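Engineer: structure for the following, please:
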Amino acid sequence: MMGRQRRKKAASGLLCMIVFVISGAFSVICPGMFCMAGIAEVSAAGTVPEFAGWVQDDAGLLSSEEEDALEKECARVSEVHGMGVYIVTTPDFGGGDIKNWQRQIFTEYGLGADCADSGVMLAISMAARDWGLVGFGEAQGAFTTYGRERMGELILDDLSDGEFYDAFARYVSMADDYLTAYGEGKPYTEDHHYGEGWRIPLIIGVSFLLSLTVSLIIVLTWKKSMNTRVRRDGALEYMREGSFRLSNRTDRFLYHTVSRTRRQKESSSGSGSGGMHSDHSGTSGKF
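Structural biologist: Numbers count the residues shown, from 1 in each chain. Predicted structure coming up:
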């Protein structure tokens, strides 16, 4: 009987020791796990991505094939024009103004270093569906306020529908057009619109001119066939003989008029054209 009680006490002590060891280990491991989770949570929002190349898809919106295709096209356009063309996506940029976040990326990673510190960046943040388009350095001249807003209008539908590759491909194509126009001294502005809409007025104008020409030919043909009278070369041929007699001929000067217009003097105090007032300018919105 005494042997059984001793064995029970020994088993009970061993069980208590095992529970104590497991509890101690759990108390050591769990705080570390919670700490690591906290670090991950902090670093997931509002951080600068590990940017490499021309396209950084941290939000996972593109397939690897789509990202490679955009990477090659961005590299080509950037090399041709000497200004960087960038795309960056993120799950959450951390709130605030996405344009400031883009400037942080451009500055911290030295983007545009091979392009005279100039470039343009399209950024997408999925948390609140933000988009931002920012021009840096000389690229501000190509991506004017009108140009940025026009680009936003043209890619917004694809962004809203989740067609991200189509939106990004159109952005790169438009960036190529913008930089080409800027290189030719004709950037897109309120006075120089961008878009394919010019074809419609041209078609309407050409159709109107063709219709007018055909109608005019038909009317003139009809008129000619209906006119049976013979045209005279001079006015005297239409006068009845002996009905007009000129008895006196005199040339008399009546009056003359002189008009004077004051010539405006050109002002010599014209305003000079200053340079860029900022190292970046951008447009942002929701999609």
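
Engineer: what are the ranges of the helices in the stretch 51-200 of the chain?
Structural biologist: For the stretch 51-200 of the chain, the helices defined by DSSP state H, counting those that start in this stretch cover 64-81, 98-108, 145-160, 164-183, 199-226.

Engineer: columns distance to Ala123, mean neighbour count and mean pLDDT on top of those helices, output as CSV?
Structural biologist: Every C-beta, even on glycine, is put in place using the N, C-alpha and C of the backbone. Formatted as CSV, these follow (distance: least, CB to CB, whole Å; neighbours: other CB atoms under 10 Å; pLDDT from 0 to 100):
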stretch, distance to Ala123, mean neighbour count, mean pLDDT
helix 64-81, 14, 17, 96
helix 98-108, 5, 19, 93
helix 145-160, 12, 18, 94
helix 164-183, 11, 20, 96
helix 199-226, 32, 10, 72
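
Engineer: mind checking which of the ones you listed is nearest Cys115?
Structural biologist: helix 64-81 (6.2 Å; CB to CB).

Engineer: what's the angle between that closest one and helix 164-183?
Structural biologist: Helix 64-81 runs at 0 degrees relative to helix 164-183, counting by axes from the mean of the first three to the mean of the last three CA atoms, to 10 degrees.

Engineer: which helices and strands sit right next to helix 64-81?
Structural biologist: The contact analysis (3 or more CB pairs under 8 Å, 6 or more residues apart in numbering; DSSP states H and E) places helix 64-81 against strand 55-57, strand 84-90, helix 164-183.

Engineer: hang on, the earlier thing: so which of the helices of the stretch 51-200 of the chain comes closest to Gly285?
Structural biologist: Nearest to Gly285, of all the helices of the stretch 51-200 of the chain, is helix 145-160, at 6.1 Å by CB to CB.

Engineer: for that closest one, enumerate the helices and strands it packs against.
Structural biologist: Helix 145-160 packs on strand 130-136, helix 164-183, strand 280-286, going by 3+ CB pairs under 8 Å, 6+ apart.

Engineer: flag every buried residue along the last one.
Structural biologist: For strand 280-286, the neighbour count (16 or more other CB atoms under 10 Å) marks His280, Ser281, Gly282, Thr283, Ser284 as buried.

Engineer: now do the last one against Glu241, distance only.
Structural biologist: So that's Ser284. According to CB to CB, to the nearest Å, Ser284 and Glu241 sit 90 Å apart.

Engineer: likewise the fourth one?
Structural biologist: Between Thr283 and Glu241 the distance is 84 Å, computed by CB to CB.
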